[in-house]
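S.K.: missing the sequence, but the structure's below:
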């Protein structure tokens with residue numbers, strides 16, 4: 001969404017935050033509060049206020065973010081088709097494979113909290129480039145693990161290398177989200193949604209490319225190839241990514257986290273991430289056993305989820321920016337659709353429906369769309385809530401929000417594969433996916449109750465402040481004066 005030319009700063013701020021414009025009585029106080037903010041920490045002018053064209057810095061920022069979205073997701077998703085079976089050959093059980101996937105997310109969770117809090121001290125550009133460099137190096141190291149002896153040595157090094165990769169990933173993604181929100185303050189959901197095309201592209205290409213390279217050249221080549229691609233992008237981003245400076249804010253991380261709406265949004269992020277993480281160690285093994293597909297074709301099944309997510313994200317981001325009041329319903333409907341998808345993915349044994357490949361792929365397509373519905377509006381909704389509660393605008397707040405988003409997502413990505421591997425081993429994929437769907441259902445219902453309660457409370461307080469009789473008396477008095 002772009003602002004109309006000629007719109008002033010007050011209107012620009014009101015549109016972005018989803019708030020009403022300041023009243024005449026409060027305008028002087030609002031202007032005084034704004035004047036006390038450091039000038040170099042203010043949000044840049046949104047594209048469209050002066051010109052409808054993107055600036056050079058904005059184009060470079062989008063290019064850099066697209067590169068990290070694509071490279072990180074292709075490196076992350078490459079494991080799905082063949083690593084679980086390869087790890088089993090090395091003596092790792094389903095539960096241990098789930099922990100290896102989950103280890104990445106747990107370290108990412110802790111790293112995101114720290115890095116988001118110290119973003120302005122470290123520097124957004126340095127954090128971005130350094131994280132990308134670490135991720136590329138560690139991806140190459142992961143390809144060397146097949147040379148390690150089976151058993152505890154292999155498992156221990158898998159945990160170590162994944163943990164190092166998680167630190168690099170957390171640094172790059174936390175800096176990336178903050179820089180994007182700084183460069184596109186008025187249409188962050190649209191830009192995030194558009195760039196999710198590259199996230200989806202990485203998820204789309206990762207599994208089939210990994211499966212093909214694995215079948216053709218063995219275990220090492222997929223990781224070495226992709227690690228070298230990531231390292232090649234590092235000097236490119238050092239040259240094109242603009243540098244954003246900021247003054248550290250006094251706003252507390254815990255002050256943001258303990259806001260009731262932010263806690264609810266974190267629950268939504270956690271639920272979505274846990275659902276996606278559940279599929280990492282379990283789905284490929286289920287497809288191999290249930291549908292008897294070769295490893296190369298398993299990657300193609302992953303396309304259903306990734307394609308639907310990446311194609312739907314730009315539209316969902318545009319709707320989130322253009323019609324902010326729809327965000328709450330996108331969150332609710334997305335969670336409920338995610339629950340339905342997981343109930344039918346097995347399908348759940350209580351439904352007594354035979355599992356078929358076409359239905360499995362169809363549920364993955366629905367799952368990708370539903371996760372996009374819930375995930376895309378979350379970041380601007382957290383920002384909106386922070387602005388409503390008096391947080392100062394600037395890169396420092398964006399670092400807090402980005403760190404919180406990535407940390408919560410990572411916590412779900414740890415819980416999903418860890419619990420998913422355990423439940424699949426004990427109960428089977430059908431029951432495990434149904435239990436995962438129940439979590440998404442609970443999240444959707446809690447979110448719906450919260451927003452309905454909030455709307456009712458606001459309507460009641462508005463009626464108390466502005467009784468109908470007062471408006472009639474005011475109109476009558478104004479008529480007498482004229």
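M.R.: Structure received. Keep in mind the model is a prediction, meaning the values are calculated, not measured.

S.K.: Provide a list of residues in contact with residue 76.
M.R.: 104, 169, 202, 206 (Cβ atoms under 8 Å, 6 or more residues apart in numbering). Quick note: C-beta positions are derived from backbone N, CA and C, even for glycine.

S.K.: Filter these down to the ones in helices?
M.R.: Mapping the contacts of residue 76 onto helices (DSSP state H) picks out 104, 169, 202, 206.

S.K.: How many neighbouring residues does the closest residue to the third one other than its chain neighbours have?
M.R.: The reference is to residue 202. Leaving aside its sequence neighbours, residue 202 sits nearest to residue 73 (Cβ to Cβ, 6 or more residues apart in numbering; 2.9 Å). Per other Cβ atoms under 10 Å, the neighbour tally for residue 73 reads 22.

S.K.: can you check the one 10 residues further on too?
M.R.: Using other Cβ under 10 Å, residue 83 has 25 other residues around it.

S.K.: sorry, back to before: taking the ones in helices among the contacts of residue 76, tell me the two that lie furthest apart.
M.R.: Distance extremes for the ones in helices among the contacts of residue 76: the farthest pair is 104 and 202 at 15.4 Å, using Cβ to Cβ.

S.K.: Those two: who's more crowded?
M.R.: Neighbour tally, residue 104 and residue 202, criterion other Cβ under 10 Å: the higher count belongs to residue 104, 27 against 24.

S.K.: related to what we said a few turns ago, out of the contacts of residue 76, who's nearest residue 241?
M.R.: Among the contacts of residue 76, residue 169 lies closest to residue 241 (Cβ to Cβ), at 17.1 Å.

S.K.: What separation is there between that closest one and residue 131?
M.R.: 7 Å (Cβ to Cβ, to the nearest Å).

S.K.: Can you add pLDDT and distance to residue 429 and give the contacts of residue 76 back as a markdown table?
M.R.: Below are those laid out as a markdown table (pLDDT from 0 to 100; distance: Cβ to Cβ, whole Å):
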| residue | pLDDT | distance to residue 429 |
| --- | --- | --- |
| 104 | 79 | 22 |
| 169 | 86 | 27 |
| 202 | 79 | 25 |
| 206 | 76 | 21 |
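
S.K.: got these as TSV, with distance to residue 341 columns?
M.R.: Output for the contacts of residue 76, formatted as TSV (distance: Cβ to Cβ, whole Å):
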residue	distance to residue 341
104	24
169	26
202	21
206	21
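
S.K.: for the residue nearest to the spatial centre of the chain, what are its contacts?
M.R.: Nearest to the geometric centre of the chain sits residue 375, at 6.0 Å (Cα atoms, centre = their mean). Going by Cβ under 8 Å, 6+ apart, residue 375 touches 269, 272, 334.

S.K.: Repeat that for residue 82.
M.R.: By Cβ under 8 Å, 6+ apart, residue 82 lies in contact with 210, 211, 214, 219, 284, 295.

S.K.: Of those residues, just say which sits nearest to residue 141.
M.R.: Nearest member of the contacts of residue 82 to residue 141, counting by Cβ to Cβ, is residue 219, at 12.9 Å.

S.K.: how near is the closest one to residue 147?
M.R.: In terms of Cβ to Cβ, residue 219 sits 9 Å off from residue 147.
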